[in-house]
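In: Okay, sequence plus prediction incoming.
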Amino acid sequence: MVRMTHDRTQLLDDLRRACAGRHTLLVGAAIGTGLAARAAARGGADFLLALAAGRFRTMGASSIATMLALRDSNAFVADFACSEIVGATPIPVFFGASAWGLAEEEFPAFMDQLRGWGFAGVVNFPTVSHVDGRFREALERTGLGFAREVRLLEAARAAGLATVGYFRRREEALALARAGVDLYCFNIGWNAGGAVGVPSGETVLQVGNRARGHIKAIRTADPGALCVIEGGPITTPQEMHEACREARADGYIGGSTIDRLPSESSMEEMTAAFKLVSTLQRRIDRLERRLDQTGRGMGLVGRTDALVEARARLEHLGADGGPVWVAGPDGSGRSLVATLLHGRGPQRQRPPMTVDARHLDGGWLFGAEPADGGRRRLGWVETANGTTLVIENTESLPSDTQAELAAFLDRGSFHRQGGQDSLRSNARIILIATAGLEAAAGAGTLVPDLARRLARRDIDLPPLSERLDDIPLLVEHFAAALRPSAGPVRLSPRAFRLLIAHDWPGNLRELRAVVEQALDGSGDVIEAEALPSLDGKRTGRPRPEAAGERSPKQSERDWILDGLRRHRFRRGETARFLGLSRKTLYNKMRHYGLLE
């Protein structure tokens, strides 16, 4: 960004430094309102051009309206630029001056006036460059052609103002060079894109190549000249970069691309969003209620993406009776998932059987024929015929036993150790592990054949620390299970903040224990003081913020904003969650500027 200065030499030095080494392109914003000027300055524009075209765009017309006799262009620009732009931004402002609205003897006095108003420079816009054919010839013959604009810019330079010269033809560019213009702008044509844009018949690379010829001629006549481009098919930053690179230009001036096109698209999208939000929100509410009901019916409560995916996988894999790998940390609900899978499978008439892989080998899993006068041993796979066999701590299963298990899953048959007979079992196998399927295979704790057989048949359960947003729903669920005769239970905001600050190494099992203890003596709201100790710390006391980190007002604002976000800015639900009345919540939102 180039800082505002009324010293022409300093301004030009600043512009050259801004694009030194051609690592950074100059960007000028041709605008028509104070709002657009301040936004462009915040975005890093190096300079502004106050143009009648910019104002017409805000009135719903296209930039080409500036070529019609609709306003006294100079008075039109002076009115909005002096009241809205000059002095309101920290960067230089160029005045879009029309050479047609002044007698030539008035040029010097007008330039002194512009300098007094605070403008840093002048640009010849609107320009006769946009006119061709017989009308252009007539303008040139009557002294209203491009030469008049050149004399306007010469008067601006004589008054100590910086100058930007718009051109479209080679002879125009060379006339500007002879006049000593400070910055040359090759105007490709009226901008394409949007609702009122003018279609361009050229590609970005074509206009860049055409601009390069003009810029080369300018730099031959005026070595070290600053040259920028504007208009035509350029509608995006990437297209601007491609065109400037092809043209060897120092930068770009954006008009419609900076104000009209972004405004059109954002207003259309925002209006459509406001129009549809109530319908979409009702649909979201219905889906969330259905999701919650499904989760509660399963016992897998929560709305986080990972848990929703786990429920979907369970529904998909549950009924086919095939093997499933269930992964997650201790206490994350793996046994519950195994039970739910069994309950949805074809062998659900008999209760499932559970064994720990740390105590298994092939003889215990598949059985063994008698040896040395011993007794035949029936294995778990044979015993679980007609039901589900849940194997916990699968990573501890010996690799040779894993290979036998993979063979059983492929064929449906097995051999007892020491036996020759092929035996069959329809036992469903559910394997519980800590690591995910790919991680276990990559670590070598799962043999390739078994990993292959279980591909796309896995369910991953996240740790509670990765689904903290689900804690209110989980607390309500556990409270209903532990105290079924009581009404719904919720957390106070302080209690919620304390719970989400905990790491939860014991996951759901630990949270259920905390809820069980907190319910003792609590009503329908669990307060922070009712929570048991976590990590050996008193949880009835909020964690102090770092010294000087936040003011009390900032902390309350963040607390309210967090509640609003968690409940999608639905004030009724947020008020209940925060323990406030709707009126109090509204007043606090207004106080902290959260209604905008």
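Out: Great, that's in hand. Small disclaimer: the values here were computed from a predicted structure and weren't measured. Numbering: from 1, shown residues only.
In: all contacts plus neighbour counts: C-alpha atoms, from now on.
Out: Noted.
In: Could you pull out the buried residues of stretch 158-174?
Out: Neighbour counts using 16 or more other Cα atoms under 10 Å place 159-168, 172-174 of stretch 158-174 among the buried residues.
In: Go through those residues and name the one nearest residue 250.
Out: Here the nearest of these to residue 250, counting by Cα to Cα, is residue 164; it sits at 13.4 Å.
In: hang on, that closest one packs against residue 123?
Out: Yes: with contact defined as Cα atoms under 8 Å, residue 164 counts as touching residue 123 (4.7 Å).
In: if I look at those two, which residues touch both of them?
Out: Overlap between the neighbourhoods of residue 164 and residue 123 consists of residue 94, taking contacts as Cα atoms under 8 Å, 6 or more residues apart in numbering.
In: can you pull the contacts of residue 351?
Out: Contacts here follow Cα under 8 Å, 6+ apart; on that basis residue 351 touches 387, 388.
In: From residue 389, how far out is it?
Out: With distances taken as Cα to Cα, to the nearest Å, residue 351 is found 10 Å from residue 389.
In: Run through the stretch 151-300 of the chain and note the low-pLDDT ranges.
Out: Across the stretch 151-300 of the chain, the ranges flagged by pLDDT under 70 are 192-201, 264-265, 277-298.
In: Ok, the stretch 301-450 of the chain next?
Out: The model of the stretch 301-450 of the chain has pLDDT under 70 over residues 362, 373.
In: show me where it has helices.
Out: Shown for the stretch 301-450 of the chain, the helices assigned by DSSP state H, counting those that start in this stretch span residues 305-318, 334-344, 362-366, 380-383, 399-411, 437-443, 448-453.
In: Turn the ones you listed into JSON lines, columns for distance to residue 59 and mean neighbour count.
Out: Compiled in JSON lines, the helices of the stretch 301-450 of the chain are given as follows (distance: least, Cα to Cα, whole Å; neighbours: other Cα atoms under 10 Å):
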{"stretch": "helix 305-318", "distance to residue 59": "45", "mean neighbour count": "17"}
{"stretch": "helix 334-344", "distance to residue 59": "61", "mean neighbour count": "20"}
{"stretch": "helix 362-366", "distance to residue 59": "80", "mean neighbour count": "21"}
{"stretch": "helix 380-383", "distance to residue 59": "79", "mean neighbour count": "21"}
{"stretch": "helix 399-411", "distance to residue 59": "72", "mean neighbour count": "18"}
{"stretch": "helix 437-443", "distance to residue 59": "59", "mean neighbour count": "16"}
{"stretch": "helix 448-453", "distance to residue 59": "65", "mean neighbour count": "17"}
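In: Distance to residue 35 added to those helices, as JSON lines?
Out: Supplementary listing: the helices of the stretch 301-450 of the chain in JSON lines, determined by distance: least, Cα to Cα, whole Å:
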{"stretch": "helix 305-318", "distance to residue 35": "40"}
{"stretch": "helix 334-344", "distance to residue 35": "56"}
{"stretch": "helix 362-366", "distance to residue 35": "75"}
{"stretch": "helix 380-383", "distance to residue 35": "74"}
{"stretch": "helix 399-411", "distance to residue 35": "68"}
{"stretch": "helix 437-443", "distance to residue 35": "54"}
{"stretch": "helix 448-453", "distance to residue 35": "60"}
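In: circling back to that earlier point, closest to residue 276 among the buried residues of stretch 158-174?
Out: Within the buried residues of stretch 158-174, the smallest distance to residue 276 is 44.3 Å, found for residue 166 (Cα to Cα).
In: wait, what's in contact with the closest one?
Out: Contact analysis of residue 166 by Cα under 8 Å, 6+ apart lists 123, 124, 125, 127, 129, 184, 185, 186, 187.
In: That one - that's part of a strand, no?
Out: Yes: counting by DSSP: H, G, I helix; E, B strand; the rest coil, residue 166 is found in a strand.
In: quick one: it from residue 570, how far?
Out: Applying Cα to Cα, the value for residue 166 to residue 570 is 52 Å.
In: same question, residue 311
Out: Relative to residue 570, residue 311 is positioned 27 Å away (Cα to Cα).
In: Residue 102 now?
Out: The gap separating residue 102 from residue 570 is 59 Å, by Cα to Cα.
In: since we're on the closest residue to residue 256 other than its chain neighbours, how many residues are nearby?
Out: Counting by Cα to Cα, 6 or more residues apart in numbering, the nearest residue to residue 256 once its immediate chain neighbours are dropped is residue 191, at 6.6 Å. Using other Cα atoms under 10 Å, residue 191 has 26 other residues around it.
In: helix/strand/coil for residue 191?
Out: From three-state DSSP, the assignment for residue 191 is coil.
In: Does residue 263 lie in a helix or a strand, and which?
Out: Counting by DSSP states H and E, the secondary-structure element that holds residue 263 is helix 260-298.
In: Output the below-cut-off pLDDT ranges for the stretch 1-150 of the chain.
Out: Across the stretch 1-150 of the chain, the ranges flagged by pLDDT under 70 are 1-6, 21-23.
In: re the thing from before, run a quick check on the residue nearest to residue 256 versus residue 253, I expect a contact.
Out: No: in terms of Cα under 8 Å, residue 191 does not count as a neighbour of residue 253; the distance is 11.4 Å.
In: Spell out which residues are contacts of both of the two.
Out: residue 231.
In: ok, which stretches of the stretch 1-150 of the chain are helices?
Out: According to DSSP H, counting those that start in this stretch, the stretch 1-150 of the chain carries its helices in the segments 8-18, 34-42, 52-58, 73-80, 107-117, 133-141, 146-158.
In: For residue 456, find the nearest of these.
Out: Proximity of the helices of the stretch 1-150 of the chain to residue 456 was assessed by Cα to Cα; the nearest stretch is helix 34-42, lying at 49.6 Å.
In: got the buried residues for that closest one?
Out: Applying a neighbour-count criterion of 16+ other Cα under 10 Å, the buried positions in helix 34-42 are 34, 36, 37, 38, 40, 41.
In: Next up, the contacts around the closest residue to the fifth one other than its chain neighbours.
Out: Think residue 40. In space, residue 40 comes closest to residue 29 once its chain neighbours are excluded; the distance is 6.6 Å by Cα to Cα, 6+ apart. Residues in contact with residue 29, defined by Cα under 8 Å, 6+ apart, are 37, 40, 45, 47, 48, 49, 253, 254, 255, 258.
In: which among those gets closest to residue 133?
Out: Distance from residue 133 was checked for each of the contacts of residue 29 by Cα to Cα. The minimum falls on residue 255, at 25.7 Å.
In: partner residues bridging the residue lying closest to the closest one once chain neighbours are set aside?
Out: In space, and not counting its chain neighbours, residue 255 is closest to residue 30: 4.5 Å by Cα to Cα, 6+ apart. According to DSSP bridges, residue 49 are recorded as the beta-bridge partners of residue 30.
In: Next, the contact list for residue 30, please.
Out: With Cα under 8 Å, 6+ apart as the criterion, the residues that contact residue 30 are 48, 49, 50, 51, 54, 253, 254, 255, 258.
In: Let me know how buried the nearest residue to residue 350 once chain neighbours are set aside is, in neighbour terms.
Out: Among residues not flanking residue 350 along the chain, residue 387 sits closest, at 5.6 Å (Cα to Cα, 6+ apart). Neighbours of residue 387 under the rule other Cα under 10 Å: 24.
In: wait, what's in contact with residue 387?
Out: 347, 348, 349, 350, 351, 352, 353, 426, 427, 428.
In: Let's see which of the residues you listed end up in strands.
Out: 353, 428 (DSSP state E).
In: now the contacts of residue 387 as JSON lines including distance to residue 10?
Out: Formatted as JSON lines, the contacts of residue 387 follow (distance: Cα to Cα, whole Å):
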{"residue": "347", "distance to residue 10": "85"}
{"residue": "348", "distance to residue 10": "84"}
{"residue": "349", "distance to residue 10": "88"}
{"residue": "350", "distance to residue 10": "89"}
{"residue": "351", "distance to residue 10": "86"}
{"residue": "352", "distance to residue 10": "84"}
{"residue": "353", "distance to residue 10": "85"}
{"residue": "426", "distance to residue 10": "87"}
{"residue": "427", "distance to residue 10": "85"}
{"residue": "428", "distance to residue 10": "82"}
